[in-house]
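Visitor: Just the structure for this:
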Amino acid sequence: MPQPRSSQISLSDTPYYHCVSRCVRRSFLCGLDKYSGQNYEHRRGWVEQRLLFLSSIFSIDICAYAVMSNHVHVVLHVDVKQAQLWSDYDVVQRWHRLHKGTLLTQMFVKGDTLSQGQQLTLDNTLTEYRRRLHDISWLMRDLNENIAREANKEDDCTGRFWEGRFKSQALLDEAAVLSCMAYVDLNPIRAKIADTLETSEHTSIKQRLISIKHPTTTHSLMPFVGNSRQDMLKGIAFSLKDYCELVDITASIIKNNKATGIDYQSPPILQQLGLSDEQWLTLTTEFEKHFSYAAGAEMMMSQFKKHTGHQRIRGMGKAKVLLSCA
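Guide: Residues are numbered from 1 along each chain as shown. Model prediction:
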């Protein structure tokens, strides 16, 4: 039975989540459908563009993504504080970029005078809009519904395009976040549809590699900001260069089907996380296999289980093995 979203998302435990949406049809979301011979590769661009567009509206950052043939992976960071700082006008303007809104929100934008009763109704509406703009379910809804409409139009058909619910995994600590990001970035390598990270089309890792080679290039991804410090800007507290090098090494191991781990001194990120080569390789190739609703150290998993009302969560045993310091 599907779990309520409240039992999968707990912002008091973590702002980081790994979400997966899968297509219900036999025909592919993207790529070449071997049954019909139809090529849907251009749809990967639809998904990528829509996802990056939504990140400019929602108070939700994109840490990693990969658009595959019949599913989409994305690692998200929910920034509630940012949404709370937006003015009412900012909230309405952002919402109207996606939805029509109400008569009162349209009047508000125009600067029309509202009665006391109308203002009270508007205030309640703005409170709801502000909440939705940091709600993962609303972001995924605005992503999936848009792509479904475009695909149905192109296929000249109606009906459901995506599975009814997207999968959500809470990422409870830095090791879970970084390994899940790498797991997402390495999807094309594991699926053997790309030989290198540079040729992994419609992925966040390609966007990040481009930004390294061309520093003036901008992207909409959550930035890496180096080692954590008290006054640091919002971002992932690791070096982008170190992350890309580690993912590149991991891609080479996966591609060459090496049985051994990383062949030289443990990379800086693994040293910071306290993970062994073997733990890292297992996490970045089998992350979804070992964890369901949440991933993190055993203590973090126990807290998440308590806060979300779960009697048990698959992956507690693996947390001891894979996400404990080596």
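
Visitor: Run through the stretch 151-300 of the chain and note the low-pLDDT ranges.
Guide: The stretch 151-300 of the chain contains residues with pLDDT under 70 at 155-164, 217-218, 227-232, 258-265.

Visitor: distance from the centroid: which residue in the protein tops it?
Guide: Ser115 (41.5 Å; C-alpha atoms, centre = their mean).

Visitor: That one and Pro268: what is the separation?
Guide: Using C-beta to C-beta, to the nearest Å, one obtains 61 Å as the distance from Ser115 to Pro268. Using the backbone N, CA and C atoms, a C-beta is placed for each residue, glycine as well.

Visitor: Got the domain ranges for this structure?
Guide: Annotated domains of the chain cover 18-86+140-168, 87-132, 174-326 [automatic domain parsing].

Visitor: Now do the same contact list for the closest residue to Thr105 other than its chain neighbours.
Guide: Excluding the flanking residues, the one nearest Thr105 by C-beta to C-beta, 6 or more residues apart in numbering is Val92, at 5.2 Å. Val92 makes contact with 101, 105, 108-109, 126, 129, according to C-beta atoms under 8 Å, 6 or more residues apart in numbering.

Visitor: Which member of these is positioned nearest Leu11?
Guide: Tyr129 (17.8 Å; C-beta to C-beta).

Visitor: wouldn't that closest one be in contact with Gln93 here?
Guide: No. At 10.4 Å, Tyr129 does not count as touching Gln93 under the criterion of C-beta atoms under 8 Å.

Visitor: what about the stretch 1-150 of the chain, any weak spots by pLDDT?
Guide: Looking at the stretch 1-150 of the chain by pLDDT under 70, you get 1-7, 25-37, 39.

Visitor: could you measure Asp112 against Val92, distance?
Guide: 13 Å.

Visitor: err, Glu145, not the other one
Guide: 21 Å.

Visitor: what's the answer for Phe166, then?
Guide: From Phe166 to Val92 the distance is 27 Å (C-beta to C-beta).

Visitor: What is the helix or strand hosting Leu120 packed up against?
Guide: Using DSSP states H and E, Leu120 sits within helix 116-132. Other helices and strands packing on helix 116-132, by 3 or more C-beta pairs under 8 Å, 6 or more residues apart in numbering; DSSP states H and E, are helix 88-96, helix 103-110.

Visitor: Nice, that's everything, thank you.
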